[in-house]
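Student: Provided below for reference: sequence and predicted model.
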Amino acid sequence: MTICVAALFRWDYGLNDVGFGIVTASDRMFTAGDVEFEPNQAKICHLTPRILILVAGELPVHSEAIRKLQQTLAGQPNLKVDEVAEIYGSFIRGYRQRQTEQFYLAPHGLTHETFRQHQSEMAPSLVADLVYKIEHHIVDAEAIVAGSDVTGTHLYHVDCDGFVSYHNDAGFLTIGIGQPHAKSFLMTRGYAKEWAYSSALVAVYSAKKHAEVAPGVGKMTDMRLISRDGWQVLPEEIFKATDAAYTECEKKITLALHKASLRVAGAHARQLKQLEAANKPKAIADNAK
């Protein structure tokens, strides 16, 4: 249960030097069975000085994958963002394969390899049942890999099957149970990666806040900035200014909705008076009869 949002934005690195940065936002809610809590722990792993990963879903899955990824990065610290995403995806695929083997094949004394080898000797109904279970098995774990390398700043999604997709053209990415709310907010606002830094901050923060209506999404927010030089925690002063801007916008929206409802109520009242006036002569004529 979570929400993670990441979006590209236009960043002025210097005179005649315009590129892209990335801003991310995530909650801290953890769910264990029917218990939800917000510990002092972000759902972000800083893999290298220039690459980080935001996770949603089953933490044990991510814990194993991140541990293995960190071991890989220890020996290859200069991997590019796409390479890191692909490696992480391979770990998710490996976890899924082991889990399907343990859940569905091991009880029959099989492994994936022996299952492929001996399918022709097995009852067709059993083969069909096992194939269906394996193909439809879901590992509740997805991630955003965001960072910069010599080729620029990049945004990747690793889904629950370990499939990796590139999201620089889309400009933003959301994961977790709150992702429909956050994604809808950014889409309806017409968010694009050409937006400026300040606009991107408010939009991403607002998207995260709108996702808090989803069950299991926490109120606390962690934000990071990624540039060519690497990632950094959003400065506290900027975070407070972003929160204040969001709060002010929400108050104005609430006030505008209230004023709009009063206008509609006034129009409805006028319509009723017009209908009443139009019906009066007919009522008088009917009484005269």
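Tutor: Structure's in. What do you need?

Student: Do you have the helices of the stretch 151-289 of the chain handy? List them.
Tutor: Under the criterion DSSP state H, counting those that start in this stretch, helices of the stretch 151-289 of the chain are mapped to 179-188, 197-210, 236-288.

Student: any chance of these in CSV, plus mean neighbour count, mean pLDDT and distance to Val61?
Tutor: Heads up, the C-betas are built off the backbone N, CA and C, glycines and all. Below are the helices of the stretch 151-289 of the chain laid out as CSV (neighbours: other Cβ atoms under 10 Å; pLDDT from 0 to 100; distance: least, Cβ to Cβ, whole Å):
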stretch, mean neighbour count, mean pLDDT, distance to Val61
helix 179-188, 18, 96, 18
helix 197-210, 22, 97, 23
helix 236-288, 11, 88, 30
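
Student: would you list those in a markdown table and tack on distance to Asp129?
Tutor: Shown next, in a markdown table, are these (distance: least, Cβ to Cβ, whole Å):
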| stretch | distance to Asp129 |
| --- | --- |
| helix 179-188 | 32 |
| helix 197-210 | 42 |
| helix 236-288 | 51 |
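
Student: what's the closest of those to Pro39?
Tutor: Counting by Cβ to Cβ, Pro39 lies closest to helix 197-210 out of those; the figure is 18.0 Å.

Student: now the closest one against helix 179-188, angle please.
Tutor: Interaxial angle, helix 197-210 versus helix 179-188 (axes from the mean of the first three to the mean of the last three Cα atoms, to 10 degrees): 140 degrees.

Student: Against which helices or strands is helix 197-210 packed?
Tutor: Applying 3 or more Cβ pairs under 8 Å, 6 or more residues apart in numbering; DSSP states H and E, one finds that helix 197-210 contacts strand 4-14, strand 17-26, helix 179-188, strand 222-227, helix 236-288.

Student: so which of those gets nearest Leu54?
Tutor: Evaluated over these, closeness to Leu54 peaks at strand 4-14, with 4.0 Å, by Cβ to Cβ.

Student: list the buried ones in the closest one?
Tutor: Buried residues in strand 4-14, defined by neighbour count with 16 or more other Cβ atoms under 10 Å: 4-11.

Student: Pull the residues that contact stretch 164-173.
Tutor: 5-8, 20, 82, 85-86, 88-89, 144, 154-159, 183, 186, 191-193, 204 (Cβ atoms under 8 Å, 6 or more residues apart in numbering).

Student: ok, 6 Å please
Tutor: 6-8, 85-86, 89, 144, 155-158, 186, 191-193 (Cβ atoms under 6 Å, 6 or more residues apart in numbering).

Student: try stretch 225-234
Tutor: Contacts of stretch 225-234 (Cβ under 6 Å, 6+ apart): 21-23, 49-50, 52, 146, 148, 223-224.

Student: show me where pLDDT drops low in the chain?
Tutor: 1, 31-35, 281-289 (pLDDT under 70).

Student: Go again with 90.
Tutor: In the predicted model of the chain, residues 1-2, 12-17, 29-42, 58-60, 77, 215-216, 276-289 satisfy pLDDT under 90.

Student: re the thing from before, which one of the contacts of stretch 164-173 is nearest to Glu250?
Tutor: Using Cβ to Cβ, the contacts of stretch 164-173 come closest to Glu250 at Leu186, 16.2 Å.
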